[in-house]
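Enquirer: just need the structure, nothing else, for what follows:
(3 chains)
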Amino acid sequence: MKQILAFSVCALLCAVIVHAQSSKPRPYKVVFDLTTDNPQDQTAVLRWLREVASVNPETEMEVVMYGRGLALVVPGRSTLTEDVKEALGRPHVSFKVCEIAMRNQQVDRSELLPKVMTVPDGIGEIVARQKDGWGYIKAVVH
Amino acid sequence: MKQILAFSVCALLCAVIVHAQSSKPRPYKVVFDLTTDNPQDQTAVLRWLREVASVNPETEMEVVMYGRGLALVVPGRSTLTEDVKEALGRPHVSFKVCEIAMRNQQVDRSELLPKVMTVPDGIGEIVARQKDGWGYIKAVVH
Amino acid sequence: MKQILAFSVCALLCAVIVHAQSSKPRPYKVVFDLTTDNPQDQTAVLRWLREVASVNPETEMEVVMYGRGLALVVPGRSTLTEDVKEALGRPHVSFKVCEIAMRNQQVDRSELLPKVMTVPDGIGEIVARQKDGWGYIKAVVH
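Expert: Numbers count the residues shown, from 1 in each chain, chains lettered A, B, ... in the order given. Here you go, the predicted structure:
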């Protein structure tokens, strides 16, 4: 009798643990493609980084900027610098700027916010992420 | 002789059937990402749902709305409610709203059109679809 | 002693070759989704085709146009016809127009620039490319 009780309690505990695990969302990986310097698009990306992290803290997020998108991480060309710094301080978040766009717009690496990375080819970076199974979201909302 | 004739007819029939099958487009699966309340974008998504179904009736289509995108399925915030209802009545079509966006904009589930579903995280839903091999289309045309 | 020297030289050569190969970017495949007739979006796509080819000449690039996107390849509806012709002359670049969009806008195949291809369903074409492992970029920058 005791054994049956012990077994039942154990089974119940397992069920509770499994349920708790299954109701927790699974972390994913997503790359955001930002090509505008529109403040609404910039605000949206920063909000998504916060919101996804709040419901799914282990999710890997990368913002790739090319064309006018790189303004977001250049102090003086964006009013959202503080929000970007805050995002860069969180784990699982990275910002990458296309070096072709930097050359076109004569932006030097030293002008970017600290911790912002650069990639030789922004489109190539996004395609490589997709190839590796990352999700893709075009960041345009306006 | 009879056998040769029977064989030839059979081969011809097979060829016709194979041709008919190969000229029919193969159904696919696609998720549309809607983040604006721009009427041109809304109209485009609804048109694509109709047009793809007309050339490829078995294709699975899902519209995921977050940010301002959810206006499309909230009566009073969209003029296209009747078109959405019509789309919702067709097989292989679903509309899903991000619950984070609903909380941000204080939209209750009861305010959504019937048959519209909700998901905890709109971006997570889209990434999961891509992971499952669905195609992705950002719905912005304006 | 001679053997050791020969081996060292060989190892060094191998290292140099491997390094040269790894520093050269790997060609990829990418489909651009163009649904606007906005000149900024059109200019951006044409610039990306040039720039990606300049850093990664073997990369396969395809521009799929539907909705208002097809204006880019219809002389008289775009001011960038010469740039499109130039792009069409390069290897690894193709332009494909959705036949549904052509019917909707009463554009005949004969009105398209030479070498521009058509596909029965532009969205289906993009989804098929993604299914085959191509990267996807929504071409909107304005």
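Enquirer: run through chain A and note the low-pLDDT ranges.
Expert: Filtered on pLDDT under 70, chain A yields the residue ranges A:1-23.
Enquirer: for chain A, which residue gets nearest to chain C?
Expert: Closest contact between chain A and chain C, by CB to the nearest CB, is at residue A:127 (2.9 Å). Quick note: C-beta positions are derived from backbone N, CA and C, even for glycine.
Enquirer: which element is that residue on?
Expert: Element membership for residue A:127, per DSSP states H and E: helix A:122-131.
Enquirer: name the next helix or strand downstream of that helix, please.
Expert: Downstream of helix A:122-131, the first helix or strand assigned by DSSP H and E is strand A:135-138.
Enquirer: dump that following strand to CSV, restricted to CA.
Expert: The C-alpha coordinates for strand A:135-138 follow below in CSV (Å, rounded to 0.1, in the frame of the first residue of the first chain):
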residue,chain,number,x,y,z
GLY,A,135,13.9,32.8,-37.9
TYR,A,136,13.8,36.0,-39.9
ILE,A,137,11.7,39.1,-39.2
LYS,A,138,11.8,42.2,-41.4
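Enquirer: shouldn't the residue of chain A closest to chain C be in contact with residue C:28?
Expert: Yes: the criterion here is CB atoms under 8 Å, and residue A:127 meets it with residue C:28 at 4.8 Å.
Enquirer: okay, and the common contacts of the two?
Expert: Jointly contacting residue A:127 and residue C:28 under the rule CB atoms under 8 Å, 6 or more residues apart in numbering or on different chains are residue C:135.
Enquirer: before we move on, the earlier item: got a list of contacts for the helix holding residue A:127?
Expert: A:29, A:31, A:33, A:62, A:64-66, A:96-98, A:100-101, A:119, A:136, C:25, C:28-30, C:48, C:52, C:55-56, C:59, C:133-137.
Enquirer: neighbours around the residue of chain A closest to chain C, how many?
Expert: By other CB atoms under 10 Å in any protein chain shown, the residues close to residue A:127 number 24.
Enquirer: please report the distance of the closest residue to it other than its chain neighbours from residue B:24.
Expert: Leaving out its chain neighbours, the residue that sits closest to residue A:127 by CB to CB, 6 or more residues apart in numbering or on different chains is residue C:135, at 2.9 Å. Taking CB to CB, to the nearest Å as the measure, residue C:135 falls 28 Å from residue B:24.
Enquirer: tell me the residues on chain A that lie near chain B, please.
Expert: Contact residues, chain A versus chain B (CB under 8 Å from any CB of the partner chain): A:25, A:28-30, A:44, A:48, A:51-52, A:55-56, A:59, A:133-138, A:140-142.
Enquirer: where does residue A:45 sit: helix, strand or coil?
Expert: Following DSSP: H, G, I helix; E, B strand; the rest coil, we place residue A:45 in the helix state.
Enquirer: show me what contacts it?
Expert: Residue A:45 neighbours (CB under 8 Å, 6+ apart): A:32, A:34, A:63, A:72, A:139.
Enquirer: which of those sit farthest apart?
Expert: Put simply, by CB to CB the two of the contacts of residue A:45 set farthest apart are A:32 and A:72, 10.7 Å from each other.
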